[in-house]
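Chemist: When you get a sec, could you give me coordinates for this:
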Amino acid sequence: MPFNSRQYEWADLRLSLGGREITAIRAVKYTEKVEREVVYGKGNKPLSIQSGNYSYEGEITLLQSEYESLQKSAGPKGLLSLQLDVVVSYGNPANGDAMTTDRIEGLMFTEAGKELKQGDKFMEITLPFIALNIVRNI
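Modeler: Next up, the predicted model:
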């Protein structure tokens, strides 16, 4: 069997936000974290490592046109009021890739700001978020 070392590339990414495929996406980043603490007792060496709460956060960067469409679909309460599920898929079956799909559940944006500087050719908007869960490789 031949060895395939092909890696996922940007062109292989598909992102669906609230059931709608996003085409004007520039970046996506998501992280799962767990609180950990070293526990000490007698002596000066740790006895164990204890785990606490999990948290899920990230960022989605969009072009202004996509951002405006999301704002419009959010209605009068705005983008920060939405709670959405996001599906992120990597791979291109046409290239023989196995698809990898992650689901970000209960995503809510924490900021929504715009910035444009002299010389910019387009506006990129980064939307930080928190979420309830990230299910990997569904």
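Chemist: can you pull the buried residues of the strand ranked longest in the chain?
Modeler: Counting residues, the longest strand found in the chain (DSSP state E) is strand 46-63. Residues of strand 46-63 classed as buried by neighbour count (16 or more other Cβ atoms under 10 Å): Tyr56, Glu57, Gly58, Glu59, Ile60, Thr61, Leu62, Leu63. Where C-beta positions appear, they are placed from N, C-alpha and C, glycine not excepted.
Chemist: what sits against the closest residue to Arg14 other than its chain neighbours?
Modeler: With Cβ to Cβ, 6 or more residues apart in numbering as the criterion, Arg14 has its nearest non-adjacent residue at 4.4 Å, and that residue is Ser89. The contact partners of Ser89, taken as Cβ atoms under 8 Å, 6 or more residues apart in numbering, are Leu13, Arg14, Leu15, Met99, Thr100, Thr101, Asp102.
Chemist: so what's the closest residue to the first one other than its chain neighbours bridging to?
Modeler: Distance criterion Cβ to Cβ, 6+ apart; nearest residue to Leu13, sequence neighbours excluded, is Tyr90 at 6.0 Å. According to DSSP bridges, Thr100 are recorded as the beta-bridge partners of Tyr90.
Chemist: Now Asn95: phi and psi?
Modeler: Asn95 has phi and psi values of phi -90, psi 10 when expressed as degrees, to the nearest 10.
Chemist: Could I get the contacting residues of it?
Modeler: Taking Cβ under 8 Å, 6+ apart as the criterion, Asn95 is in contact with Arg6, Asp12.
Chemist: Roughly how far does it sit from Arg6?
Modeler: 7 Å (Cβ to Cβ, to the nearest Å).
Chemist: residues touching the residue nearest to the spatial centre of the chain, list them.
Modeler: Central residue check for the chain by Cα atoms, centre = their mean: the C-alpha nearest the mean position is that of Tyr30, 3.8 Å away. Tyr30 makes contact with Tyr56, Glu57, Gly58, Glu59, Val88, Asp102, Ile104, Ala131, Ile134 under the criterion Cβ under 8 Å, 6+ apart.
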